[in-house]
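Let's see this in three dimensions:
(chains A and B)
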Amino acid sequence: MGRPKGFDEQEVTRAAVALFAGRAYDGLSVDDLVTGLGVHRNSLYKTFGSKRGLYLTALRWYLANEVEPLLARAAASDQPRSVLLEAGETLDLLLLAAAEQAPLDAEVGALIRTTLSRLDAVLGSSPANELLGERLRARLRTDDR
Amino acid sequence: MATVSIDGESLVVEIEGLDKLWALKSRLVIPLTNVRGATADPGVAHEPKGIRAPGAYIPNVITAGTFHLDGEKVFWDVHDARKAVVIALADEKYARLVVEVDDPRATVELVERAVRR
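As a prediction, the model looks like this:
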């Protein structure tokens, strides 16, 4: 099946990561995705099959290309917790996915569980929990409204 | 209105009642290997549907039958846009099915669980 013209799948995937990191999965309608990603509705369906297909593609990309390198950097550093805290927003989709979709969707759950095990291996499980809690609360402080 | 179910290795879409008349179909059976996913998408009904052949189209009342758009065939059976589910297909006569179901969330979950990714 040919790729529709002017549709960069990688770019759309990365943009989807940003959208899903900012708002809950259920909170984003297909209309929101079409507007936010700047693609045709039918192109989305042709390329990703469904909203869930887009989400899983985005989540896998994010975990492999944003989270894994971050964890590797943290593991190599003598201040792994600082490395992770400074990365700030990078952890947000992981937090959201863990809170919202992981309990409902077996595939998402498996991906998140694997990543959290990796985080536990880097920090230790209690510090990992603390870090996630800290990031969760840090998200609140960026909102002045 | 349609009922979507899984029967062994197939997705079965049963068209209900009088819609059979307008959609000119009473059921569709699609091998699961050709089903790419399902999405609850109320907004799909607001987009251009293409050329109707054959079927029925009265805005906000009924969209049923086969529509041709951008070289693709799309099957529609929708009255209430709020309950529309888009089922994307591969290697089938139809590129997509857009059907109204009783419980969009449950239908999406049923189909997505049956689809291998």
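
Let's verify A:Ala24: helix, strand, or coil?
Of the three states, A:Ala24 takes coil under DSSP: H, G, I helix; E, B strand; the rest coil.

dump the residue contacts of the residue nearest to it when sequence neighbours are not counted.
Counting by CB to CB, 6 or more residues apart in numbering or on different chains, the nearest residue to A:Ala24 once its immediate chain neighbours are dropped is A:Glu100, at 5.3 Å. Backbone N, C-alpha and C define where each C-beta goes, glycine included. Listed by CB atoms under 8 Å, 6 or more residues apart in numbering or on different chains, the contact set of A:Glu100 reads A:24-26.

what about the residue in chain A positioned nearest to chain B, distance to A:Leu85?
Of all residues in chain A, A:Ser50 sits closest to chain B, at 2.7 Å by CB to the nearest CB. For A:Ser50, the distance to A:Leu85 (CB to CB, to the nearest Å) stands at 35 Å.

check whether stretch B:34-51 contacts chain A.
Yes. Using CB under 8 Å from any CB of the partner chain, stretch B:34-51 reaches chain A at B:36-44, B:47.

now stretch B:70-86
Yes. Interface with chain A: stretch B:70-86 contributes B:70, B:72, B:86 (CB under 8 Å from any CB).

Remind me which helix or strand the residue nearest to the first one when sequence neighbours are not counted belongs to.
The shortest distance from B:Asp70 to any residue other than its chain neighbours is 6.8 Å, reached at A:Asn42 (CB to CB, 6+ apart). For A:Asn42, the enclosing helix or strand under DSSP states H and E is helix A:41-48.

Need the CA coordinates for that helix. CSV is fine.
Output of helix A:41-48 as CSV, limited to C-alpha atoms (Å, rounded to 0.1, in the frame of the first residue of the first chain):
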residue,chain,number,x,y,z
ARG,A,41,-8.7,11.8,8.7
ASN,A,42,-8.6,9.1,6.1
SER,A,43,-4.8,9.2,6.0
LEU,A,44,-4.8,8.5,9.7
TYR,A,45,-7.0,5.5,9.3
LYS,A,46,-5.0,4.2,6.3
THR,A,47,-1.7,4.6,8.1
PHE,A,48,-2.5,3.6,11.7
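
Dump the helix or strand of chain A with the lowest mean pLDDT to CSV, keeping only the CA atoms.
Least confident helix or strand, chain A: helix A:125-141 with a mean of 92, by mean pLDDT, DSSP states H and E. In CSV, the C-alpha atoms belonging to helix A:125-141 read as follows (Å, rounded to 0.1, in the frame of the first residue of the first chain):
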residue,chain,number,x,y,z
SER,A,125,12.1,0.7,43.2
SER,A,126,11.5,3.0,46.1
PRO,A,127,13.5,5.9,44.6
ALA,A,128,11.8,5.1,41.3
ASN,A,129,8.4,5.5,42.9
GLU,A,130,9.6,8.7,44.6
LEU,A,131,10.8,10.1,41.3
LEU,A,132,7.5,9.4,39.5
GLY,A,133,5.6,11.0,42.3
GLU,A,134,7.9,14.1,42.2
ARG,A,135,7.4,14.5,38.4
LEU,A,136,3.7,14.1,38.9
ARG,A,137,3.7,16.9,41.3
ALA,A,138,6.1,19.0,39.4
ARG,A,139,3.6,19.0,36.5
LEU,A,140,1.2,21.0,38.6
ARG,A,141,3.7,23.8,39.2
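
Check the offset of that helix from the chain's centre.
In terms of CA atoms, centre = their mean, to the nearest Å, the centre of helix A:125-141 is found 16 Å from the chain centre.

Poorly predicted segments of the chain, please.
Answering for chain A, as no chain was given. A:1-6, A:142-145 (pLDDT under 70).

um, chain B though
Residue ranges of chain B with pLDDT under 70: B:23, B:60, B:117.

which residues in it form strands?
Along chain B, the segments classed as strands by DSSP state E run B:2-7, B:10-15, B:27-31, B:35-40, B:51-58, B:62-69, B:72-78, B:84-89, B:96-100.

what about the third one, near chain A?
No. Remark: strand B:27-31 sits outside contact range of chain A, by CB under 8 Å from any CB, the gap being at least 13.4 Å.

Go through that strand and flag the buried ones.
The neighbour-count check on strand B:27-31 (16 or more other CB atoms under 10 Å in any protein chain shown) flags B:28, B:30 as buried.
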